[in-house]
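**Student:** The following comprises the amino acid sequence and a computationally predicted model.
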Amino acid sequence: EMFGQLTTGLESAWNKLKGEEVLTKDNIAEPMRDIRRALLEADVSLPVVRRFVQSVSDQAVGVGVVRGVKPDQQLVKIVYDELIKLMGGEVSELTFAKSGPTVILLAGLQGVGKTTVCAKLASYFKKQGKSCMLVAGDVYRPAAIDQLTILGKQVNVPVYTAGTDVKPSDIAKQGFEEAKKKNIDVVIVDTAGRLQIDKAMMDELKDVKRVLNPTEVLLVVDAMTGQEAAALVTTFNLEIGITGAILTKLDGDSRGGAALSVKEVSGKPIKLVGRGERMEDLEPFYPDRMAGRILGMGDVLSFVEKMQQEEAEDLQKKIMSAKFDFNDFLKQTRTVAKMGSVSRVIGMIPGMAKVTPAQIREAEKNLQNMEVIIEAMTPEEREKPELLAESPIKRKRVAKDSGKTEQQVSQLIAQLFQMRVRMKKLMGVMEGGSLPTLSN
Ligand code: GDP
């Protein structure tokens with residue numbers, strides 16, 4: 001589970017408020033110490049932790065009694081909002097050039113995943129219907145050029161190379177001209193990484209930036225390095241001027257310090273995150289979803305996004321009004337099937353992060369069973385699952401028509417209602433409405 005330790009640490013803060021009637025200076029003292037400790041252990045930088053804790057305390061004491069909302073839930077909500085603010089609030093979109101190719105310059109230390117990001121980005125843009133070209137500007141390691149060429153082939157994007165004898169700024173310029181000639185939409189320029197910051201690297205980056213006039217200058221940083229990542233973003237921004245960061249290896253057991261510190265420390269947003277070694281594992285950085293994950297609600301919203309867009313919008317409306325029915329359920333299982341890999345989706349469902357291949361096969365079989373059962377329902381029953389919940393006769397008929405047991409039918413119905421509850425809980429927090437207790 002991503003940021004699992006942080007999640008657990010924060011949970012102990014809410015737990016200390018169970019049974020309280022209202023938040024007071026006295027009864028938040030201990031929970032606030034827990035929050036402070038959890039953030040420090042997650043490797044969030046100390047000044048950031050101080051400001052965060054101060055702001056949460058101030059709001060918590062002033063919040064007063066809200067009918068129907070328990071103090072621990074109030075604190076969860078305040079922390080949730082503050083976490084989002086800390087990470088920059090809104091998602092920070094990439095900018096595109098108004099005319100001519102958009103140029104993205106990538107910088108980063110060695111081993112952070114920069115070359116991988118080049119190819120992932122290309123694949124990401126291709127999915128949006130944009131044409132792409134990669135430019136191999138790392139002239140110090142022939143292996144780097146080879147690696148980029150191989151990855152470019154893998155995602156089916158041209159790679160501009162000029163060997164190791166040409167100056168990086170010249171390669172960049174030539175690559176850009178080539179892309180312009182070919183009407184390429186986005187040019188992604190890879191640069192040399194070093195083991196640590198040095199003047200030669202910075203000078204070279206400045207040089208490349210000057211000739212390219214890039215639309216985006218993105219620093220790739222490794223989530224595993226915690227607050228060090230935030231410090232790097234600050235330094236690169238001061239030295240060469242960057243537009244944002246890409247945080248990689250968020251799938252590893254990073255503690256959260258980088259995701260939480262970068263914006264606050266450097267003033268520059270995290271624009272994208274890498275969550276695995278596959279080409280598809282790159283996505284925008286959504287502060288609200290990240291905050292949701294940190295608070296242990298899983299990644300239901302990312303899951304929703306994976307579904308086709310129009311379906312997702314429709315579905316979200318339904319989730320909010322708790323009208324999620326068997327037609328939606330069916331749509332969802334079919335989307336899962338279309339996506340090919342159940343395992344990946346399952347990993348995003350709260351509480352289901354650790355599954356074995358055998359469990360995945362089991363899940364795939366379950367999905368097929370579900371489909372057969374839902375298909376045996378009448379349209380009315382699909383829309384109003386209550387009809388089935390109330391009627392053993394109807395359940396029996398569905399069981400018979402689908403060739404499944406009555407127990408399987410009942411289980412599926414129970415599952416739908418559980419999903420409704422879970423989604424409603426999640427939306428409650430997202431919308432700032434009534435708040436869930438997060439312990440389960
Ligand atoms: P570079 O030196 O910055 O160009 O780094 P590379 O792109 O060569 O990546 C270094 C290693 O990190 C490779 O083994 C990548 O497969 C791996 N890597 C890159 N991004 C991710 C990520 O998001 N998650 C994980 N788990 N591994 C990654």
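**Tutor:** Here it is on my side, so go on. Numbering: from 1, shown residues only.
**Student:** If I look at F96, what pLDDT would I see?
**Tutor:** As summarised for this prediction, F96 has a pLDDT of 96.
**Student:** what distance separates the start and the end of stretch 245-252?
**Tutor:** Taking C-alpha to C-alpha, to the nearest Å, the span from the opening residue of stretch 245-252 to its closing residue is 18 Å.
**Student:** Show me which parts of it are buried, residue by residue.
**Tutor:** By 16 or more other C-beta atoms under 10 Å, the buried positions in stretch 245-252 come out as A245, I246, L247, T248, K249, L250. Glycine gets a C-beta too; all of them are placed from N, C-alpha and C.
**Student:** anything in that stretch near the ligand?
**Tutor:** Yes - with C-beta under 6 Å from any ligand atom as the threshold, stretch 245-252 lies in contact with the ligand, specifically through T248, K249, D251, G252.
**Student:** Any idea how far that stretch is from the middle of the chain?
**Tutor:** Between the centre of stretch 245-252 and the centre of its chain there are 10 Å (C-alpha atoms, centre = their mean, to the nearest Å).
**Student:** Can you pull out the residues in contact with that stretch?
**Tutor:** Residues from elsewhere that reach stretch 245-252 (C-beta atoms under 8 Å, 6 or more residues apart in numbering): 2, 106, 112-113, 116-117, 218-224, 229, 233, 258-259, 262, 266, 268-276, 281, 285.
**Student:** What pLDDT does the model give the residue in the chain sticking out farthest from the centre?
**Tutor:** Of all residues in the chain, I393 sits farthest from the chain's C-alpha centroid, using C-alpha atoms, centre = their mean; the distance is 44.2 Å. The predicted local confidence for I393 comes out at a pLDDT of 94.
**Student:** Report all helices and strands that the helix or strand hosting it contacts.
**Tutor:** If you go by DSSP states H and E, I393 is part of helix 392-402. Applying 3 or more C-beta pairs under 8 Å, 6 or more residues apart in numbering; DSSP states H and E, one finds that helix 392-402 contacts helix 357-375, helix 385-390, helix 406-431.
**Student:** Domain ranges for this structure, per the record?
**Tutor:** Domain segmentation of the chain under automatic domain parsing yields 4-86, 102-294, 300-431.
**Student:** With respect to F96, which of the ones you listed lies nearest?
**Tutor:** If you check each of the domains of the chain against F96 by C-beta to C-beta, domain 102-294 wins as the nearest, at 4.6 Å.
**Student:** Figure out how far that closest one is from the centre of its chain.
**Tutor:** Its chain's C-alpha centre and that of domain 102-294 lie 18 Å apart, by C-alpha atoms, centre = their mean.
**Student:** near the ligand, which residues of this protein show up?
**Tutor:** 108, 110-116, 193, 248-249, 251-252, 274-277, 281.
**Student:** residues contacting the closest residue to the ligand within the stretch 201-350 of the chain?
**Tutor:** Evaluated by C-beta to the nearest ligand atom, the stretch 201-350 of the chain has G274 as its residue closest to the ligand, separated by 3.1 Å. Contacts were defined as C-beta under 8 Å, 6+ apart; by that measure G274 touches G113, T116, V117, K120, I246, L247, T248, K249, L250, D251, D281, L282.
**Student:** Among those, which ones are in helices?
**Tutor:** Judged by DSSP state H, helices contain the following of the contacts of G274: T116, V117, K120.
**Student:** so where's the stretch 301-440 of the chain shaky on pLDDT?
**Tutor:** In the predicted model of the stretch 301-440 of the chain, residues 301-323, 332-361, 363-364, 423-440 satisfy pLDDT under 70.
**Student:** thinking again about what came up before, can you tell me which of the buried residues of stretch 245-252 lies nearest to F176?
**Tutor:** Closest to F176 out of the buried residues of stretch 245-252 is I246 (20.7 Å), distances taken as C-beta to C-beta.
**Student:** For the residue of the stretch 201-350 of the chain closest to the ligand, name its beta-bridge partners.
**Tutor:** L282 (DSSP bridges).
**Student:** What's the per-residue pLDDT of it here?
**Tutor:** 96.
**Student:** most neighbours per residue, which of the domains of the chain?
**Tutor:** Mean neighbours per residue, mean count of other C-beta atoms under 10 Å, is largest over the domains of the chain for domain 102-294, with a mean of 20.
**Student:** rewinding a little: JSON lines please, covering the contacts of G274 and showing distance to V421.
**Tutor:** Conversion of these to JSON lines gives the following (distance: C-beta to C-beta, whole Å):
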{"residue": "G113", "distance to V421": "38"}
{"residue": "T116", "distance to V421": "39"}
{"residue": "V117", "distance to V421": "39"}
{"residue": "K120", "distance to V421": "36"}
{"residue": "I246", "distance to V421": "36"}
{"residue": "L247", "distance to V421": "33"}
{"residue": "T248", "distance to V421": "35"}
{"residue": "K249", "distance to V421": "34"}
{"residue": "L250", "distance to V421": "29"}
{"residue": "D251", "distance to V421": "29"}
{"residue": "D281", "distance to V421": "31"}
{"residue": "L282", "distance to V421": "32"}
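**Student:** What distance do you get for N27 to Q74?
**Tutor:** When distance is defined by C-beta to C-beta, to the nearest Å, N27 is 12 Å away from Q74.
**Student:** before we move on, what about Q147?
**Tutor:** Separation of Q147 from Q74 (C-beta to C-beta) stands at 51 Å.
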